[in-house]
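# attaching a predicted model along with its sequence, questions to come.
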Amino acid sequence: MYQFDVVTLFPEMFEAVTESGVTGRARERRLFELVLWNPRDFATNSYRTVDDRPYGGGPGMVMMVEPLEKALTAARQRQESAGAKRTHVIYLSPQGKLLKHERVMELAALPGVVLLAGRYEGVDERLVSRAVDEEISIGDYVLSGGELAAMVVMDCIVRQLPGTLGDAESASQDSFVSGLLDCPHYTRPEAYGEAAVPPVLLSGNHSEIARWRLKQALGRTWQRRPDLLEQRALSAEERALLDEYKKELQGV
Ligand code: 9WO
């Protein structure tokens, strides 16, 4: 069972992953465990203070080291008691390395992770140096806190856990597994205004359908994320399909 420990000032936010959808069902089936740690419970003064003004002045507040370090220690100890030989603490921040599918697969292969979700203007840098193993960003933007990013990382990992997705939804078909964007999808009604379902999808010819889907995935990737094609060698068949897509686009 994969072990998540999350340090957060807003534990209630994580009901989004524990109570609904694919991740909610995975937790019900005990494919992962999630324990939430609130730094306020580790604050040393009666006001349960977890933040203070930044040295050097400037806007916002900074999260203090001590409550965070105590919460992270408790989380690490729980991971170890759950069987982890090594614990791995990830701080979600705009300064982190951009999360890619490859890293998701590596994290999913661990026994678990400890996620630190910051708030305010960030955490005291001494906490990062002392207690964080890795900083991860989910994109080049600033959120109100690290919680949503932590849930993105959790969702990506849980999808990769054996048993989360049935064969039909297999994560192995996730678009970034193939290194390509996903193909278009259609469902009933067959006719909807002017927009019709591509006839090949109604043909029942599974090899032609697979060929069409791969061509669409290649074409979309070429149009929208050519950088992904630079990272992925195309087979002769894929190159031919992409050429066919380009010709169809030009009306040739
Ligand atoms: C808050 C703030 C307030 C006044 C002036 C400047 C400020 N910067 C920030 C800020 O960057 N806050 C962050 C909030 C501190 C770390 C936790 N927070 C966060 C994480 N926002 N966005 C992320 C995040 C995490 C992963 N991937 C993308 C964004």
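Great, that's in hand. Numbers count the residues shown, from 1 in each chain.
# can you give me the strands for the chain?
2-7, 32-37, 51-52, 62-63, 89-98, 112-117, 134-137, 191-192, 195-196 (DSSP state E).
# how much space is there between residue 47 and residue 159?
Counting by C-beta to C-beta, to the nearest Å, the separation of residue 47 from residue 159 is 41 Å. (Glycine included, C-beta is placed from N, CA and C.)
# ok, those two, which is more surrounded?
residue 159 (18 against 7; other C-beta atoms under 10 Å).
# right, and the more buried one touches residue 22 too?
Yes - with contact defined as C-beta atoms under 8 Å, residue 159 reaches residue 22; the gap is 6.7 Å.
# okay, and the common contacts of the two?
residue 165 (C-beta atoms under 8 Å, 6 or more residues apart in numbering).
# start and end of stretch 110-120, how far apart?
Using C-alpha to C-alpha, to the nearest Å, one end of stretch 110-120 lies 30 Å from the other.
# now look at that stretch and say if it contacts the ligand.
Yes - contact of stretch 110-120 with the ligand (C-beta under 6 Å from any ligand atom) involves 118, 119.
# who in this structure is up against the ligand?
Near the ligand, when you scan the chain using C-beta under 6 Å from any ligand atom, you find 59-60, 92-94, 118-119, 121-122, 137-139, 142-143, 145-146, 149.
# so how do I select the buried members of those in ChimeraX?
Remark: buried members of the residues of the chain next to the ligand, expressed as a ChimeraX selection using 16 or more other C-beta atoms under 10 Å:
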select :92,93,118,119,122,138,143,145,146,149
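# please parse the protein into its domains.
As given by automatic domain parsing, the domain ranges for the chain are 2-159, 175-249.
# would you reformat those as TSV and include mean pLDDT?
Formatted as TSV, those follow (pLDDT from 0 to 100):
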stretch	mean pLDDT
domain 2-159	97
domain 175-249	95
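# among these, show me which one is buried the most.
Burial of those is given as mean neighbour count (mean count of other C-beta atoms under 10 Å); domain 2-159 ranks first at a mean of 17.
# quick one: distance of that one to the chain centre.
Domain 2-159 sits 13 Å away from the centroid of its parent chain (C-alpha atoms, centre = their mean, to the nearest Å).
# with stretch 213-225 instead?
Worked out by C-alpha atoms, centre = their mean, stretch 213-225 lies 22 Å from the chain centre.
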